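Student: quick one, what's the 3D model for this:
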Amino acid sequence: MARRIGIRILLGLFTVLAVVLLTFVLQYVVPGDPARSIAGPKASPEVLAEIRGRLYLDDPLWSQLGHYLSSVATGDLGTSYSNDRPVLSLILERLPATAVLAAAALLVELVLGGLWGLWEALRPKRSWLLATANVGLLSMPVFSLGFLLLLLFGYQLPIFPIDGGTGPAQIVLPALTLGILGAPYYANVVRDSTREALSSAYVRTAVAKGLSRRRIVLRHVLRNTASPVTTLLGMDVAVFLSGVVFVETIFGWPGIGQMQTSAFAALDRPLLTGTVIVAATLVVTANLLVDLIRTAIDPRAASETP
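Tutor: Numbering: from 1, shown residues only. Got it, this is the predicted structure:
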């Protein structure tokens, strides 16, 4: 087990490093001058030259990358060009909002998908409802569903506020947007796992002992679905905590995703790269925790190759 965790951590570190390198290089493909963005359109050439020298913008790419990696190794993600504040403090201010949205979306996914999957699995005949929903939702981009819910429940039926913020009313629409799109995945997993469990030998033994169907489902079947559902939850935690850009931007949710959009528009390289580093670290950490939880729930997962 210790060897498995060590390999996972090592692979995670390589993943974070690869993401940082790729993001750092790709930022140079985007047209624009960060110095001009900082100083403004009327800045003199002398001011621009001073800014470029101070931020190493005139150095070769490999030199700038070296400066940046040496700072990151000490826990310093740099200073935001547009806010003139440490990047890490800006991210930590926004991270709780994204975490709350992620938790709400996961709850919607789990409740809708879990109940839907159980209903499908316990039906005597196969329903085409889930397959139809999968096709329809898979073909719908997240921003399309977000705009649809915003138009319907924010403008046509003004039930929920559209002014942004982090209140209980403001979280409903973005959480529903993410949760509805993810619910069919959970429904599929729960349905297949439940049907597999219902046809297993230990369930037939429980039936022969005279146990009620409700007790069999609650005590035996649901435990069989815990491992694959936990895997899905871990993947979604990683995605949501890394910042759902479109959803946070559409609904004015002040999280990491919205900050990434602003950083990209302002050519704020330290802030944009910092959010990517934090996102990649969260993904790696979430996957490691899910792996440990799966092993605790289902010891057979320990025999899987890392």
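
Student: residue 129 and residue 135: what is the separation?
Tutor: In this view, residue 129 and residue 135 are 11 Å apart by Cβ to Cβ, to the nearest Å. From N, CA and C alone the C-beta is placed, and that goes for glycine too.

Student: cool, residue 258 as well?
Tutor: For residue 258, the distance to residue 135 - Cβ to Cβ - is 31 Å.

Student: excluding its backbone neighbours, what's nearest residue 116?
Tutor: residue 187 (4.0 Å; Cβ to Cβ, 6 or more residues apart in numbering).

Student: that neighbour: what secondary structure?
Tutor: helix (DSSP: H, G, I helix; E, B strand; the rest coil).

Student: gap between it and residue 95?
Tutor: For residue 187, the distance to residue 95 (Cβ to Cβ) stands at 30 Å.

Student: who has more neighbours, these two?
Tutor: Legend: neighbour count by other Cβ atoms under 10 Å for residue 187 and residue 95, higher for residue 187 (25 against 18).

Student: residue contacts, that one?
Tutor: By Cβ atoms under 8 Å, 6 or more residues apart in numbering, the contact set of residue 187 is 112, 113, 114, 116, 117, 120, 130, 133.

Student: check contacts around the first one.
Tutor: Contacts for residue 112 (Cβ under 8 Å, 6+ apart) come out as 179, 180, 183, 186, 187.

Student: and the residues you listed, which is closest to residue 5?
Tutor: The closest of these to residue 5 turns out to be residue 186 (Cβ to Cβ; 27.0 Å).

Student: just give the nearest non-adjacent residue to the closest one, would you?
Tutor: Residue 186's closest residue in space is residue 113 (Cβ to Cβ, 6+ apart), at 2.5 Å.

Student: state the distance from residue 237 to residue 215.
Tutor: Residue 237 is 31 Å from residue 215, by Cβ to Cβ.

Student: neighbour count winner among these two?
Tutor: residue 237 (22 against 10).

Student: residue 258 and residue 135: which is more packed in?
Tutor: Under the criterion of other Cβ under 10 Å, the comparison of residue 258 against residue 135 puts residue 258 first, with 24 against 11.

Student: count of residues packed around residue 73?
Tutor: 8.

Student: from residue 277, how far out is it?
Tutor: 12 Å.

Student: picking up where we left off before, hmm, which two among the contacts of residue 187 are most spread apart?
Tutor: Across the contacts of residue 187, the two lying at the largest distance from each other (Cβ to Cβ) are 114 and 133, at 14.7 Å.

Student: helices along the stretch 101-250 of the chain, start to end?
Tutor: 129-138, 142-150, 172-198, 201-208, 213-216, 222-241, 245-250 (DSSP state H, counting those that start in this stretch).

Student: in the second one, what counts as buried?
Tutor: Neighbour-count burial for helix 142-150, with 16 or more other Cβ atoms under 10 Å as criterion, is recorded at 142, 145, 146, 147, 149, 150.

Student: closest to residue 18 out of these?
Tutor: The nearest one, if we look at the buried residues of helix 142-150 relative to residue 18 and count by Cβ to Cβ, is residue 142, at 25.4 Å.

Student: enumerate every residue touching that closest one.
Tutor: If you count contacts by Cβ under 8 Å, 6+ apart, residue 142 has them with 177, 178, 181, 244, 246, 247.

Student: in JSON lines, list these along with neighbour count and distance to residue 27.
Tutor: Formatted as JSON lines, the contacts of residue 142 follow (neighbours: other Cβ atoms under 10 Å; distance: Cβ to Cβ, whole Å):
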{"residue": "177", "neighbour count": "26", "distance to residue 27": "29"}
{"residue": "178", "neighbour count": "24", "distance to residue 27": "27"}
{"residue": "181", "neighbour count": "20", "distance to residue 27": "29"}
{"residue": "244", "neighbour count": "25", "distance to residue 27": "21"}
{"residue": "246", "neighbour count": "19", "distance to residue 27": "20"}
{"residue": "247", "neighbour count": "25", "distance to residue 27": "24"}
